[in-house]
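K.L.:
got a structure for you, letters missing:
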């Protein structure tokens, strides 16, 4: 099957997406599915900072690689061992999960052992992409959604209700379950809680909606891009703070009368995380959601405060979700009007414009850009 695809052959550490155009559009061959494989016609994909991390070399994926890890589409063919989807099903692309390891059995498919050992391949160890010159192209996170057709193992192709538009459903492939799950699963916040969310991108704004679902009474959003505050308030934020103009720690303590019950670093920056910890009330919990691009060894935390006031720090990776259950559930929440995705889509772009889209995401006010192959 011939397919137009966005290919990264080498990293671009200078973050120049407009110069030498790090991502190239090529025609690749996608092999017919066998075994547990599912062939998906991508109808919409969405761009995330994780994709940029691959382009600039912060994540060490083998190359050449077909990019993209958020996507939604229609099943067009299946291998003989596939039992979870049928041809014609609408699917959101999730993540690799074996379903057998201890993490999967605990309902933590986000931490699946197979996922961490399958760099550049499907869970089965196979690669199903071939370049124009016959060379092997790798898979990105077992998904590779920046293409007209992709091949995934069956647990990655998660069936969703056909009532949800695929242009919105693509957002369920990463940022939504990461943000909502951090609040609802990892932190498990109580009704009436005060919540401070650092970062108003797709993940942070999803966290706002998770806080609304859980009945938080104070939802404070901190960012440096004022245009994102209107979206945050529309989705349920009660207060917004521009951290370029105000000290967020002082302002959060003023709003809450001493500190937030829960704070979330959706950015993954050491200084932001310090602010998240410093903004806690007694017995509060700081949740680290954003992944720093490189190992961090210089975070400053007042350990006396942590002990004397019984404050906690936890990590939340990909929403702490079992994705085959979580993604259809989140899709149903969208259909019922309890979760909104359309406000998070700030633009729609062609696959050919992927480099410009990355530039806009990193340097502009974009939340989520939907890519139409």
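P.N.:
Yes, it's here. Note that the structure is predicted; figures quoted are calculated from it, not measured.
K.L.:
low pLDDT regions in the chain?
P.N.:
Along the chain, the parts satisfying pLDDT under 70 run over 116-118.
K.L.:
Farthest from the middle of it: give me that residue.
P.N.:
residue 308 (34.9 Å; CA atoms, centre = their mean).
K.L.:
What's the separation between it and residue 282?
P.N.:
Separation of residue 308 from residue 282 (CB to CB, to the nearest Å): 9 Å. In this view, the C-beta of every residue, glycine as well, is placed from N, C-alpha and C.
K.L.:
now swap in residue 186 and tell me
P.N.:
Distance of residue 186 to residue 282, given as CB to CB: 21 Å.
K.L.:
With residue 9 instead?
P.N.:
For residue 9 relative to residue 282 (CB to CB), the value is 52 Å.
K.L.:
same check, this time on residue 354
P.N.:
Relative to residue 282, residue 354 is positioned 47 Å away (criterion: CB to CB).
K.L.:
before we move on, what about residue 165?
P.N.:
As judged by CB to CB, residue 165 and residue 282 stand 45 Å apart.
K.L.:
of these two, who's got more company?
P.N.:
Remark: of residue 165 and residue 282, residue 165 carries more neighbours, 15 against 12, as counted by other CB atoms under 10 Å.
K.L.:
Provide the partner residues of residue 158 in its beta bridges.
P.N.:
Partner residues in beta bridges with residue 158, using DSSP bridges, are residue 92.
K.L.:
burial of it, as a residue count?
P.N.:
26.
K.L.:
contacting residues around it?
P.N.:
Applying CB atoms under 8 Å, 6 or more residues apart in numbering to residue 158 gives the contacts 91, 92, 93, 94, 323, 324, 327, 328.
K.L.:
And these, which two are furthest apart?
P.N.:
Taking CB to CB, the two most distant members of the contacts of residue 158 are 93 and 328; they sit 13.3 Å apart.
K.L.:
Would you mind telling me which of those two has more residues around it?
P.N.:
When neighbours are counted by other CB under 10 Å, residue 93 and residue 328 differ, and residue 93 comes out ahead with 31 against 17.
K.L.:
Next one: that one from residue 8, what distance?
P.N.:
Residue 93 sits 18 Å away from residue 8, going by CB to CB.
K.L.:
Okay, buried residues for the host helix or strand of residue 74 please.
P.N.:
Here residue 74 sits within strand 71-78, counting by DSSP states H and E. The neighbour-count criterion (16 or more other CB atoms under 10 Å) identifies 71, 72, 73, 74, 75, 77, 78 as the buried residues of strand 71-78.
K.L.:
just curious, which of the residues you listed is nearest to residue 304?
P.N.:
The shortest separation between residue 304 and any of the buried residues of strand 71-78 is 46.9 Å, and it belongs to residue 71 (by CB to CB).
K.L.:
does the closest residue to that closest one other than its chain neighbours count as helix, strand or coil?
P.N.:
Spatial nearest neighbour of residue 71, chain neighbours left out: residue 145 (2.7 Å); criterion: CB to CB, 6 or more residues apart in numbering. Under the three-state scheme (DSSP: H, G, I helix; E, B strand; the rest coil), the conformation of residue 145 reads as coil.
K.L.:
Look up how far residue 283 lies from the residue farthest from the centre of the chain.
P.N.:
Plainly put, residue 308 is 11 Å away from residue 283 if you go by CB to CB.
K.L.:
Please apply the same query to residue 293.
P.N.:
Using CB to CB, residue 293 is found at 31 Å from residue 283.
K.L.:
Between the two, tell me which one has more neighbours.
P.N.:
Remark: of residue 293 and residue 283, residue 293 carries more neighbours, 15 against 11, as counted by other CB under 10 Å.
K.L.:
Check which helices and strands the strand holding residue 74 is in contact with.
P.N.:
In terms of contact count using 3 or more CB pairs under 8 Å, 6 or more residues apart in numbering; DSSP states H and E, strand 71-78 is assigned the packing partners strand 37-47, strand 90-93, strand 149-153, helix 166-169.
K.L.:
Run me through the strand neighbours of that strand, direction for each.
P.N.:
With DSSP bridges as the test, strand 71-78 pairs up with strand 37-47 (antiparallel), strand 90-93 (antiparallel).
K.L.:
Packed most tightly, which of those strands would that be?
P.N.:
Comparing these by mean neighbour count (mean count of other CB atoms under 10 Å), strand 90-93 ranks first with a mean of 28.
K.L.:
Distance from that strand to the middle of the chain?
P.N.:
Centroid displacement of strand 90-93 relative to its chain, using CA atoms, centre = their mean, to the nearest Å, is 15 Å.
K.L.:
residues in contact with that strand?
P.N.:
Contacts to strand 90-93, defined as CB under 8 Å, 6+ apart, come from residues 38, 40, 69-75, 85, 143, 145, 150, 152, 156-162, 164, 166, 169-170, 172-173, 327, 331.
K.L.:
Now that we have these, which of them are buried?
P.N.:
With neighbours counted by 16+ other CB under 10 Å, the contacts of strand 90-93 contain buried members at 38, 40, 69-75, 85, 143, 145, 150, 152, 156-160, 164, 166, 169-170, 172-173, 327, 331.
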